[in-house]
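K.L.:
mind looking at a prediction? Sequence and model below.
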Amino acid sequence: MNDYIKIKGGNTLSGEVRISSSKNATVAILPAVVLASEIVKLYDVPDIEDINALIVLLKKLNINIIENDDNFTIDPTDVKNVVLDCDEVRKLRASYYFMGALLGRFKHVRMLYPGGCNLGPRPIDLHLKGFESLGAHITTDNDMIEIHADKLVGDEIYLDIASVGATINIMLAAVFAEGKTIIRNAAKEPEIIDLSSMLNKMGANIRGAGTSDITIVGVNRLKGCIHDIIPDRIEAGTYICMAAAIGKDVLVNNVIPQHIEALLSKLEEAGVKMEVGVDYVRVFESNNLKAIDIQTQTFPGFATDLQQPITPLLCKADGESHIVETIYPERFKHCKELSKMGACIDVGEAKSSIYGPRKLSGAKVRATDLRCGAALIIAGLMADGETIIEDAYHIYRGYADIIEKLRGLGAQVE
Ligand code: EPU
């Protein structure tokens, strides 16, 4: 795979794009299969690099996967608890879900520390504290982490931060723990609800996912299930921002609008013209946009993952827009790249100010992380001339069939 994406900007986009299943739900659901004693069938698994890395890890654990296009039949009946010390663990953040899943299933896990996008510090102390509350002991040596429990017993766990990863990891570890686990100040993201509904179909007893108190009553065994993964709200938001920036009439299909309410209301405030249906958002040509202020928040607030893709759109808006980042204060590497294309952006501590309207021009830029890559694609489509996005592998980690989807909308991209 070539490691750059070339875009000839300026083409107005139109037509229809179908959103794939959620990356951040699938990256939790695949490790969760370790907990099952029977076959699990997953429909519409997104074709992205993060999933390919997880498939390698599942196979290392002796889990058999039959892929039929995007439908997976996964057989974990002969799962083996091996040390996960290969490169794939470092390729993505979500490899840390094997900690909770293997601890839950085998009471023991040894693996490398997880990798993932460089968004500044990304500690996992809350995950580990949660495991300890359930009775696990943790040791670390060099880059390896080992977690062991003689037995796991339910407990009440308060999360200092409503962390998505910690909430999911504790859920995975607690499914078989004796008695009741209560996660207080749990994260409420839709991906957590999706994982919990899959685990419940398999026989788990989890209540309250989607609220800040999740209760898990331990069970002895999980059976198989068939599961359809929710659509990717961040991919949807990315295409909606793209359509607002350079679209004429774009239908973004397979969307759960309730998952992106904060984005939709901000776009409306900026003057983007949209029709919101039950499972779609149609975006009309939108000019004379107004500057807006955004503060990222945990769900249902404005998603941190969308503050990067909305930034190029704000370059088109009249006035000074502000973004305050409360989740990852250093998530602004895209701004320097956008400046190479003519954007006028000041970055301060955990915030950016975007001055518009500014016309963007093609340039050679670098995707420093997944959502930075998404922002650069939108900017490249808006810009005059040719844009080359280097390190495009970050983009393939999270956007399924992106080249085909963009071409389908009339973009000139290779
Ligand atoms: N945090 C801690 N300690 C912990 C865990 C988190 O201090 O033990 C802090 C983090 O440093 C951060 C905040 O808590 O400041 C929230 O982090 P969270 O744990 O919620 O994030 P995550 O689980 O690592 C997931 C998504 C991210 C998304 C965030 C926020 C996955 C695999 N990743 O990360 O997605 O930005 O939630 O919604 O689900 C992306 O898709 O591009 C992406 C980075």
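P.N.:
Perfect, I can see it now. Numbering: from 1, shown residues only.
K.L.:
how many neighbours does N71 have?
P.N.:
13 (other Cβ atoms under 10 Å). Just so you know, the C-beta spots here come from the backbone N, C-alpha and C atoms, and that holds for glycine as well.
K.L.:
same question for the one 3 residues further on.
P.N.:
The burial metric for I74, expressed as a neighbour count using other Cβ under 10 Å, is 22.
K.L.:
which residues does L267 contact?
P.N.:
By Cβ atoms under 8 Å, 6 or more residues apart in numbering, the contact set of L267 is I240, C241, A244, M274.
K.L.:
and which of the residues you listed is nearest the ligand?
P.N.:
Set against the ligand, the nearest of those by Cβ to the nearest ligand atom is C241 (14.5 Å).
K.L.:
the closest one sits in which helix or strand?
P.N.:
Using DSSP states H and E, C241 sits in helix 233-246.
K.L.:
list the buried residues of the helix or strand that comes right after that helix.
P.N.:
Sequence-wise, the next helix or strand downstream of helix 233-246 (DSSP H and E) is strand 247-253. By 16 or more other Cβ atoms under 10 Å, the buried positions in strand 247-253 come out as G247, V250, L251, V252, N253.
K.L.:
how much space separates the residue lying closest to G373 once chain neighbours are set aside from the ligand?
P.N.:
Nearest residue to G373 in three dimensions, chain neighbours excluded: A367, at 3.3 Å (Cβ to Cβ, 6 or more residues apart in numbering). Counting by Cβ to the nearest ligand atom, to the nearest Å, the separation of A367 from the ligand is 12 Å.
K.L.:
isn't A367 up against R397?
P.N.:
No: the pair A367 and R397 fails to qualify as a contact (Cβ atoms under 8 Å) at a distance of 9.8 Å.
K.L.:
of the two, which one has the most company?
P.N.:
A367 (27 against 22).
K.L.:
which bits of the chain sit near the ligand?
P.N.:
24, 27, 93-94, 117, 122-127, 161, 163-166, 187, 234, 304-305, 327-328, 370-371, 398 (Cβ under 6 Å from any ligand atom).
K.L.:
just the buried ones from those?
P.N.:
Neighbour counting with 16+ other Cβ under 10 Å marks 24, 27, 93-94, 117, 124, 126-127, 163-166, 187, 234, 304-305, 327-328, 370-371, 398 as buried within the residues of the chain next to the ligand.
K.L.:
now the strands for the stretch 201-350 of the chain?
P.N.:
All strands of the stretch 201-350 of the chain, identified by DSSP state E, counting those that start in this stretch, fall at 205-207, 213-217, 225-228, 247-253, 274-276, 280-284, 293-295, 319-324, 344-348.
K.L.:
reformat the ones you listed as CSV; add mean pLDDT.
P.N.:
Formatted as CSV, these follow (pLDDT from 0 to 100):
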stretch, mean pLDDT
strand 205-207, 98
strand 213-217, 98
strand 225-228, 98
strand 247-253, 97
strand 274-276, 98
strand 280-284, 98
strand 293-295, 98
strand 319-324, 98
strand 344-348, 98
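K.L.:
centre of the chain to the least confident helix or strand in the chain by mean pLDDT, how far?
P.N.:
Least confident helix or strand, the chain: helix 87-91 with a mean of 91, by mean pLDDT, DSSP states H and E. In this view, helix 87-91 has its centroid 17 Å away from the chain centroid, taken as Cα atoms, centre = their mean, to the nearest Å.
K.L.:
what element comes up after it heading to the C-terminus?
P.N.:
helix 97-106.
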